[in-house]
Each structure stands twice: as C-alpha cells, then as structure tokens.
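Predicted model follows, preceded by the sequence.
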Amino acid sequence: MSPESRKKTVPRTHSAPTPRRVAVIGAGIAGIACARTLVQAGHNVTVFEKSSGAGGRMATRNSEFGGFDHGTQYFTVRDARFEKALSTSGALVRPWSANTVRILDELGRVVASSLPPKEAHWVAAPGMNALVRHWAQPLVDAHAIAFETHVTRIEADKLKPGCWQLQAEGPGADSLVHSGFDTVVMAMPSAQAQALLLSSQQAKPLVAAMGKVAVAPCWTLMLAFPQAAQPNLYHLGPHWNAARSTHHRIAWLARESSKPGRGPMERWTVQASPEWSERHLEDDAARVKDKLLKAFTEVTGIRAEPPYAEVHRWRYAQTTQPLGKSHLWDAKSGIGACGDWCLGHRVEDGFISGLEMALAIC
Ligand SMILES: Cc1cc2nc3c(=O)[nH]c(=O)nc-3n(C[C@H](O)[C@H](O)[C@H](O)COP(=O)(O)OP(=O)(O)OC[C@H]3O[C@@H](n4cnc5c(N)ncnc54)[C@H](O)[C@@H]3O)c2cc1C
C-alpha cells in the first residue's frame, strides 16, 4: 500500500475536543493553573475572584514600611511539572536561604539548634503574590478574570438547558448573573466550596467527599520596626531570620527583610500555632494582637514598640487532613473542585491539583 492510499484509508481516531465554556471560581495558584491549562487546550474560560487581585493565600500585605508575606512564607518544588512552570517565571522566583532555627525551651526561647534546610526554599519577588499575578496576567489581558466578584450560588442556567449560571456579588455589592457555562470549577478552600455547593443544592457526592478534609486556621501578626534603620544598627534582636517555635502561642517567625527582593526595613511576620489560632478564632483582633506581640517579645527579646502592628485571620490556612486525590470531578454534572487541600498543605499541592483538574476536564 502506497503512503498516499494509506493516508486515505486510515480512519481518524482522534478529533479535537469541543471547546467548553468553563467558570473557574478562585484565582489562587490552583485556579490560575487550572484556567491557564484549559485555555491552552482551547477552552473558553472565565475566572471569578472575590478579592481585587490574584494570589489567594500566596498573599502580600503592603504597608508604608514595606510588604509582608502574611500567607505563604516560602514554597518547595518536588514535582517536575511545577519546576517546569516555574522555569518560565525568570527572576520572579528566587531562593531564600534563611538561617532557620528551632526554638526549644519552655518559654519558647532559642536554645540553639539551627535547622539545616532539607530542600531549597523559594519565594516570589517582590512579594509572594507576584508569581500568581504573573501567571494570571494573560487572563487579565484577555478580560477573562472578573475580580471583586464573589460567587454566591451555582444554579441551572435559566436560558440554556444543561448549562450552569452563577449568582455573584460584584464590585459595590451589585448582584450579577453569569450564565452559559458547561463546566464549573471551584478552586477555593474545601469548606468554602462545600458551603457554596450546599447553598446551591448541587453535586452532593462532592459535598460528601469534602467533608473528610480538615483545614486549620492561622492568626498572623505583622510588625515593622523602622527604628532599626539607624547607622550601626542593621537589625533588632536575634541573629536568625526564621524560626519554628514551640512557644504556646507562636509556631513560626520570619524576618521579612531577609527575603530576596524586599526592602531593607526591619519587618517580621509571626504565625500563631494552629491550636492557639483555633482557640482564639473568634477573638477580637486587638486582643489577639496584644497577646501575639507579647509572645513575640518573649521569643525574640525585641522590646521596641513597633509603629506598625497588624493582625490577619486566615480562617482556612493549612490542611491537616487532605482529600487524598488531586481533584474532584463529577463529569455528569460538569462540576469540579480543586485546591491544595486535595493533596496537602503546600503551594505545590495547589498547583498540581489545578493542573490535574484541567487535564481531567480536557
Ligand atoms: C498563614 C499561611 C501560611 C502558609 N505557609 C505556607 C508555606 O510556607 N509554604 C507553602 O507551600 N504553603 C503555605 N501555605 C499554604 C498555601 O498558601 C496554599 O497551599 C496555597 O496558596 C493554596 O492555593 P489555592 O489556590 O488552593 O487556594 P487559595 O490560595 O486559598 O485560593 C482560593 C481563592 O478563591 C477565592 N474565593 C474563595 N471563595 C470564593 C467565591 N465564593 N467567589 C470568588 N472567589 C472566591 C479566594 O479569594 C482565593 O483567592 C500557607 C497558608 C497560610 C494561610
């Protein structure tokens, strides 16, 4: 058989998939990894994000004294697919070689023991939110992200049978309806996805699966000490830049100014332990600030009054019991869910989950 005739008789076994119209709810790393992969596969995607920018818990708080990574502190890279995606980000992703210590005594003071890093620690510069914002930019340019749009309900499309529409509160709390989606992906913490499905009375098997996931909260304290910027006084307090702590209130401390690409002003980010955060979840922010500030002084010995001290409560911070698979997908209804909680508690888990969610849809 000549190559010509073979060409005519071999049947086409693969046809290009029909482009779907997909709504991705959430512009954290999982949502953006999912949306980008779907767009690359030829689908028509709109991302809905309740805050004013992309990044989610890879967050940066700006202040007059410089920025704070008040969510993710750093990330690690174990999966070749994440490594490949990061390689396209140029100088935006930088290694952070913090001299990290473990704090051991009863009061939570450093007894010594430096913690040699088991694997490289990476940060985005100039702030942690820069990486997801960079990856989201092509979607922003294509007007494919609606910011300040809080999705409150997923329901059957009133005009297009078999499709979904989203009820949302837009900028200025205007009620909006976005319609005509074949597929809806929730890329947000499991409890928020579960609540959205419950209020929408949709996808009961997904709701049940999410019930097994547990996520701990985290109160975070941000401090700036501009008084440290004096001649011969480069920084205040300890010589370490990051610490894992056994203090009854504090689990982690990091000197923001030790991270690459940040300003030199002395700034600290302090995370309360999951147990303490849980116990004080509904406390008044001013009270939490006072208690964490006191603990910070005990751990670091820094007694100077910080002109900037703010707290942030993460109701859903780090997964303690993951789902155990990369995503949830109900092909019949066209509803899926992804996020770090599917696989673990790390940034990379969010990325892999979003990527595999998109591949499942494709
Ligand atoms: C304090 C803290 C410290 C951490 N430290 C580290 C660390 O050192 N290393 C590490 O690897 N990981 C760390 N993590 C975890 C890491 O931040 C997460 O694994 C990762 O950012 C999760 O990404 P995600 O896309 O799954 O979810 P998210 O980043 O939470 O994104 C979800 C997005 O959905 C949006 N959203 C939610 N509901 C709606 C709705 N109804 N409508 C519209 N938008 C909605 C949210 O605004 C958000 O932007 C930390 C997290 C916290 C909070």
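Cool, got the structure.

Please report how far Val39 lies from the ligand.
17 Å (CB to the nearest ligand atom, to the nearest Å). Quick note: C-beta positions are derived from backbone N, CA and C, even for glycine.

and the closest residue to that residue other than its chain neighbours, how many neighbours does it have?
Ranked by CB to CB, 6 or more residues apart in numbering and with sequence neighbours excluded, the top spatial neighbour of Val39 is Val45, at 5.3 Å. When counting by other CB atoms under 10 Å, one arrives at 25 neighbours for Val45.

His239 too?
8.

Same question for Lys289.
Neighbour tally, Lys289, other CB under 10 Å: 18.

so where does the residue nearest to Val39 fall, helix or strand?
strand 44-48 (DSSP states H and E).

Just the residues contacting whatever helix or strand comes next after that strand, thanks.
Sequence order places helix 80-87 as the next helix or strand after strand 44-48, per DSSP H and E. With contact meaning CB atoms under 8 Å, 6 or more residues apart in numbering, helix 80-87 is reached by Ala33, Val77, Val93, Trp122, Leu131, Trp135, Glu348, Phe351, Ile352, Leu355.

cool, stretch 315-333 as well?
Contacts for stretch 315-333 (CB under 8 Å, 6+ apart): 57, 71, 189-192, 202-203, 205-206, 209-210, 212-218, 274, 277, 281, 336-338, 340-345, 349, 352-353, 356-357, 360-361.

Which ones among the contacts of helix 80-87 lie within strands?
Val93, Trp122 (DSSP state E).

with the contacts of helix 80-87 in mind, which one is nearest to the ligand?
Glu348 (6.4 Å; CB to the nearest ligand atom).

List the contacts of that closest one.
Counted by CB under 8 Å, 6+ apart, Glu348 has contacts Phe75, Thr76, Val77, Arg78, Asp79, Phe82.

can you narrow those residues to ones near the ligand?
Near the ligand, judged by CB under 6 Å from any ligand atom, the entries from the contacts of Glu348 are Phe75.

Can you name the two of the contacts of Glu348 that sit furthest apart?
Phe75 and Asp79 (11.5 Å; CB to CB).

sorry, back to before: looking at it, the residue nearest to Val39 is touching Val24, isn't it?
Yes. If you go by CB atoms under 8 Å, Val45 and Val24 touch, sitting 6.1 Å apart.
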